[in-house]
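J.: When you get a sec, could you give me coordinates for this:
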Amino acid sequence: MGRHSLPDQYGAGSGDPRRRAFRRRLALVTAVALTVAGGTAAAVAQGLLSFGTSCQDDAVRLRLLAAPEVAPALQTAAERARRAGLTSDGRCVAVTVIAREPHQVATALTADEDPGAEVWVPDSQAWVQRLTANGGSAEVSTIGHVATSPVGVAMAPAAAKSLGWPDRTYTWTELAAATLGGGPVRLGAADPARSAAGLLALTRVSAAAGAAKGGDTRAAGLMKALSERVTDGDGQVLETLPRDTSDTESANPRRNQAVILSEQAAFRYNAATEDARDLDFFYPEDGAPRLDYPYALLDQTGLTTDESRAAIRFMSYLDDPEQQRLLERHGFRTSDERVPDGLVERAGGSPSQPYAKPVDRPATGVALQESLGVWEITVRSARITMVVDASASMAERVPATERSRMDVTKASLRRALDTFTADDEIGLWDFSTALDGAKDYRVRVPAGRLGDSEGDVTQRDRLETAFGKLKPVKDGATGLYDTTLAAYREATRSYAKGRFNAVVVLTDGVNEDPGSVSRAGLLARLEELADPKRPLPLIMIAVGPDADREEADRIAKATGGSGHEVTDPAQMETAILKAIVKAASPDRRG
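T.: Numbering: from 1, shown residues only. Down below sits the predicted model:
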């Protein structure tokens, strides 16, 4: 394909691999844009790839929300595009770039609010993944990526030297252990619920620590230590670094000597400070996760075909070599194969650090969601009552296994328990019709702090023993309504201020107790008990083909909680963590 055969006289050189990648990406994004805009293949025949060379008076105006650190470069590119007369189908493309924190945009999209823009460039695809994981209806289509920046650990020079920088390299687990173990080097980070860099690093540390024996508990311990030095955002975490050589932790206990940071953020910091206060940068040897700055179309209010085409046109403009150099001058990478000259050094890196090694496998949406769930219950500490269905149907075999639903449920509960720390309060109930005299429920272990003990037996030990004793009740039916109401009433009575309080109900069926409170009565009483000033979400997990997800969600929402459906009890751990994240998101708190 010749250079002049691409839109508006913009094309790809024949020998540059980035140009070849662009041609492939353009074919993909064209198809995506047609879908987003409601177009068809006929749009091609009508001139999608036939842009004019003159500018009309009525420009196509686009608003682009960008992560604050990339917004200046995109604003400059937008101004250049206007001066150059960038067109789409013969009409000028006028892009207004607005700096906006990604977590703020994600919150608006989750709430089905108009984001006030047609294009979004957050710092990470993780935000788009979280929208999907939270079950939102936001229409967001990623059609490319603007730039990348690896995430590592930046340190004050004295701290870096004490850890052997630049010649010594570390894994994520080793870096966490060296900076979260109470030693002289203290590690800070931005809140993973609000920072993609914080979340990606946290997920990496969790995965690495969790792979070892007893790793889940160790990972939770590392999170707990990190949570004590967390700030609201990436900008604030930079402010925790020493301002000069006399600004030490002894003078200011909130000072950190190390922070989780992107390469671009370290580059920007070093460019704005004197040499004596420059940061050194560690690139973990097991791979640095990358901020990937996706270019996404927002169709909350309905993108027009012209807007979609113009958005694609501007994205292709950003792939122009001149705009790539612009991004690189702002400290971003624009290619996986090449690191811009001087960028690593100006970010505080060194050739002896593995700055070019990518992550083997980027974190999945599920892994990110699980890390957030563990983070939430670790940081705030939790008081959670687990309520488990013990009706006869729990004896049924899980397809493709030799284990019963109850067997798999108990295994999931044990794994979930490993994510809680000694300071969390956990209790266990089970339920089935006529389980305890006239009652459909039984308190197996009252909620208590996992680290508390009587003699040599801790609350964690008692729960482990109780999990082992759970078994289906022969001929038992699902006494769901009375149990749910009783467990929620008890949780409101014993509410623990300052903790994340919740009731988790696991059931594989619908209510089968004809003498119980009615559904309408249950909903009315739950709404009366729920108090916004004392948030206590009810998390309903519907397990298997006989459970009713819609009913579970209706019951849970009466308390501000959520219902979730899993086809296999082994998925319950993930569902619980997902529900905790959704209920406890910092942007949803009053």
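
J.: which residues sit in contact with residue 489?
T.: For residue 489, the contact set (C-beta atoms under 8 Å, 6 or more residues apart in numbering) comprises residue 529. Using the backbone N, CA and C atoms, a C-beta is placed for each residue, glycine as well.

J.: ok, now residue 74?
T.: Residue 74 makes contact with 64, 66, 95, 97, 121, 146, 318 under the criterion C-beta under 8 Å, 6+ apart.

J.: Repeat the analysis, applying 10 Å as the threshold.
T.: 64, 66-67, 95, 97-99, 119, 121, 146-147, 293, 295, 314, 318, 323, 326-327, 330 (C-beta atoms under 10 Å, 6 or more residues apart in numbering).

J.: Of these, keep whichever come out buried.
T.: Listed as buried from the contacts of residue 74 are 64, 66-67, 95, 97, 119, 121, 146-147, 293, 295, 314, 318, 323, 326-327, 330; burial here means 16 or more other C-beta atoms under 10 Å.

J.: Narrow those residues to those in helices?
T.: Members of the buried ones among the contacts of residue 74 lying in helices (criterion: DSSP state H): 314, 318, 323, 326-327.

J.: For the residues you listed, could you give me JSON lines that also reports pLDDT and distance to residue 287?
T.: Formatted as JSON lines, these follow (pLDDT from 0 to 100; distance: C-beta to C-beta, whole Å):
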{"residue": "314", "pLDDT": "97", "distance to residue 287": "32"}
{"residue": "318", "pLDDT": "97", "distance to residue 287": "27"}
{"residue": "323", "pLDDT": "97", "distance to residue 287": "28"}
{"residue": "326", "pLDDT": "97", "distance to residue 287": "28"}
{"residue": "327", "pLDDT": "97", "distance to residue 287": "23"}
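
J.: Looking at the residues you listed, spot the one nearest residue 243.
T.: Using C-beta to C-beta, residue 327 is the member of those that sits closest to residue 243, with 29.5 Å.

J.: What residues does the closest one make contact with?
T.: Here residue 327 is in contact with 70, 73-74, 76-77, 146-148, 264, 293, 318, 333-334, 340 (C-beta under 10 Å, 6+ apart).

J.: about what we covered before: mark which of the contacts of residue 74 are part of strands, please.
T.: If you go by DSSP state E, the contacts of residue 74 have 64, 66, 95, 97-99, 119, 121, 295 in strands.

J.: Any stretches of this structure with poor pLDDT?
T.: Scanning the chain for pLDDT under 70 picks out the ranges 1-57, 133-138, 181-182, 209-221, 244-254, 274-277, 300-301, 360, 581-582, 584-590.

J.: Domain map for it?
T.: Listed by automatic domain parsing, the domain ranges of the chain are 3-145+294-331, 150-290, 381-588.

J.: looking at those, which is closest to residue 375?
T.: Taking the domains of the chain one by one with C-beta to C-beta, domain 150-290 is closest: 5.3 Å.

J.: Straight-line length of that closest one, end to end?
T.: One end of domain 150-290 sits 4 Å from the other (C-alpha to C-alpha, to the nearest Å).

J.: Stretch 451-464 too?
T.: Stretch 451-464: ends 13 Å apart by C-alpha to C-alpha.

J.: which outside residues touch that stretch?
T.: Contacts for stretch 451-464 (C-beta under 10 Å, 6+ apart): 217, 386, 410, 413-414, 417-418, 420-428, 444-450, 465.

J.: Selection in PyMOL covering whichever of these are buried, please.
T.: The following PyMOL line selects those of the contacts of stretch 451-464 that are buried, judged by 16+ other C-beta under 10 Å:
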select buried, resi 217+386+410+413+417+418+420+421+422+424+425+426+427+428+444+445+447+448+449+450
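
J.: Flag every buried residue along stretch 556-574.
T.: Applying a neighbour-count criterion of 16+ other C-beta under 10 Å, the buried positions in stretch 556-574 are 556-566, 569-574.

J.: and the closest residue to residue 379 other than its chain neighbours, what is it in contact with?
T.: Spatial nearest neighbour of residue 379, excluding adjacent residues (C-beta to C-beta, 6 or more residues apart in numbering): residue 227 at 4.1 Å. Applying C-beta under 10 Å, 6+ apart, we find residue 227 in contact with 189, 191-192, 202, 375, 378-381.

J.: And residue 227, how close does it get to residue 383?
T.: Distance of residue 227 to residue 383, computed by C-beta to C-beta, to the nearest Å: 17 Å.

J.: One more: residue 507?
T.: From residue 507 to residue 383 the distance is 21 Å (C-beta to C-beta).

J.: Show me which pair in the contacts of residue 327 is furthest apart.
T.: Greatest spacing in the contacts of residue 327, by C-beta to C-beta: 76 and 148 (18.9 Å).

J.: Between the two, which has more neighbouring residues?
T.: Legend: neighbour count by other C-beta atoms under 10 Å for residue 76 and residue 148, higher for residue 148 (21 against 16).

J.: Does the more buried one touch residue 292 like I think?
T.: Yes. If you go by C-beta atoms under 10 Å, residue 148 and residue 292 touch, sitting 5.2 Å apart.
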